[in-house]
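# sequence unknown, structure follows:
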């Protein structure tokens with residue numbers, strides 16, 4: 001499932017970093033914290049790796 005905005009990619013990247021143990025999960029807030037709690041590492045990789053050409057910064 002590809003990310004629909006650059007903000008989703010950033011949140012997925014932060015959650016993925018915490019899943020892998022590179023950053024502290026207590027530093028996550030908002031969407032990244034929810035992604036950390038509800039998504040698998042593979043799902044987060046798919047979100048974070050989406051090409052960002054033509055993606056809006058945020059979705060409505």
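Alright, I've got the coordinates. The model shown is predicted, which means the values in this text are computed figures rather than measured ones. Numbering: from 1, shown residues only.
# which ones are touching the nearest residue in space to residue 19 that is not next to it in sequence?
Nearest non-adjacent residue to residue 19, counting by Cβ to Cβ, 6 or more residues apart in numbering: residue 41, 5.0 Å away. C-betas here are computed from N, CA, C, even on glycine. Shown in contact with residue 41 (Cβ atoms under 8 Å, 6 or more residues apart in numbering): 16, 19, 20.
# filter those residues to the buried ones?
Listed as buried from these are 16, 19; burial here means 16 or more other Cβ atoms under 10 Å.
# among the contacts of residue 41, which are in helices?
16, 19 (DSSP state H).
# In JSON lines, list the contacts of residue 41 along with distance to residue 7 and pLDDT.
Converted to JSON lines, the contacts of residue 41 look like this (distance: Cβ to Cβ, whole Å; pLDDT from 0 to 100):
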{"residue": "16", "distance to residue 7": "15", "pLDDT": "95"}
{"residue": "19", "distance to residue 7": "19", "pLDDT": "95"}
{"residue": "20", "distance to residue 7": "21", "pLDDT": "95"}
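# quick one: which of the contacts of residue 41 is nearest residue 33?
For these, the residue nearest residue 33 by Cβ to Cβ is residue 19; the value is 11.7 Å.
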